[in-house]
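Undergrad: requesting a structural model of the entry that follows:
(one chain, ligands or ions: 1)
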Amino acid sequence: MKKLMAANWKMYKTRDEAEQTARGLVGLVAGRIPADREVLVIPPFTALSVVARELAAIPGFSLGAQNFYPAAQGAFTGEIAPDMLLDLGCAYALAGHSERRHVLGESDAFVGRKVAFGLAAGLRMILCVGEKIEERQAGLVREVVKRQLDAGLSDVVPDVHPETLVVAYEPVWAIGTGLTAGPADVAEAHGFVREMLRARYGEKGNEVRILYGGSVKPENSGEIIGIDNVDGVLVGGASLRAESFAAIALA
Ligand code: PEP
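TA: Presented below is the predicted three-dimensional model:
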């Protein structure tokens, strides 16, 4: 199973900026990505084609999208369909990122529709789950993660290929705040996600990658990636500069 080192550029970067960052990243890591790692860049929609051009045919790199609407096409003004992303060279897409759940108001059920639709359309799906600080303080981490996983995976076919499904555990209080979950908390949450994946998919649940996200930076990525059941990282802020994401990707 390849570790997945993912850069989520959120709503940052014009096409020129994205091109420069992608070019810088390729310059720093191309030819140095270990065989058991995959580097994924997830730019905003408007920069997908320029980043695709920079990453084209470079071994070890993949392209992903931050969002899509779960329909093949239609009267959905402002939305993007999975086929449009595949057409641009995307292999992956996110669903359930905390900013979409808590800023844009996406429900657990809608996230579940996206995961199933994206997989059926041929995208590899990264389902993000994680608790808010008040939920952690109330001892509800497992309940929240279970609810989001159950809803997020409810329409996924039981014989899903485990390589095409990724779960990202991202405690909301650690995203963009500089706070990182401690190694014990990460191990506990990832162990719980793994248990749930095994309960749902049997042995295949061991092959679904589980990423950690939440203020990952060059200084902590080596330790995080070494924790049991951490199969990669999803990085926001520290992925915006080529140098810092290169250090994380190669940590
Ligand atoms: C994210 O966007 O998924 C994320 C984890 O952001 P940050 O690394 O900035 O906390």
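
Undergrad: correct me if wrong: Pro44 contacts Met11.
TA: Yes - using CB atoms under 8 Å, Pro44 is in contact with Met11, at 5.8 Å. (C-beta placed from N, C-alpha, C; glycine too.)

Undergrad: give me the more crowded residue out of those two.
TA: Counted by other CB atoms under 10 Å, Pro44 and Met11 do not tie: Pro44 has more neighbours, with 19 against 9.

Undergrad: contacts only, for the more buried one.
TA: Pro44 sits next to Trp9, Lys10, Met11, Tyr12, Lys13, Ala18, Gln66 when contact means CB atoms under 8 Å, 6 or more residues apart in numbering.

Undergrad: and for Thr164?
TA: Counted by CB under 8 Å, 6+ apart, Thr164 has contacts Leu119, Leu123, Arg124, Met125.

Undergrad: how about the helices of this protein, start to end?
TA: Taking DSSP state H, the helices of the chain run over residues 15-29, 48-55, 82-87, 98-102, 108-121, 133-137, 141-153, 183-201, 218-225, 242-249.

Undergrad: reformat those helices as CSV; add mean pLDDT.
TA: Listed next are the helices of the chain as CSV, based on pLDDT from 0 to 100:
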stretch, mean pLDDT
helix 15-29, 97
helix 48-55, 97
helix 82-87, 98
helix 98-102, 96
helix 108-121, 98
helix 133-137, 93
helix 141-153, 98
helix 183-201, 97
helix 218-225, 96
helix 242-249, 97
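
Undergrad: how much space between the residue nearest to Met5 when sequence neighbours are not counted and Gly24?
TA: Excluding its sequence neighbours, the residue lying closest to Met5 (CB to CB, 6 or more residues apart in numbering) is Ala249, at 4.3 Å. Using CB to CB, to the nearest Å, we find Ala249 at a distance of 12 Å from Gly24.

Undergrad: neighbour count for the two, which is higher?
TA: More neighbours surround Ala249 than the other of Ala249 and Gly24, with 30 against 16 (other CB under 10 Å).

Undergrad: what sits against that one?
TA: By CB under 8 Å, 6+ apart, the residues touching Ala249 are Met5, Ala7, Leu25, Val29, Ile33, Arg37, Val39.

Undergrad: going by distance to the ligand, which of the residues you listed wins?
TA: Proximity of the contacts of Ala249 to the ligand (CB to the nearest ligand atom) peaks at Ala7, which lies at 9.3 Å.

Undergrad: count of neighbours near that closest one?
TA: Ala7, neighbours per other CB under 10 Å, totals 28.

Undergrad: beta-bridge partners for it, please?
TA: On the basis of DSSP bridges, Ala7 is bridged to Val41, Val235.

Undergrad: I figured it hits Val41, correct?
TA: Yes - contact criterion CB under 8 Å: Ala7 and Val41 qualify, at 5.0 Å.
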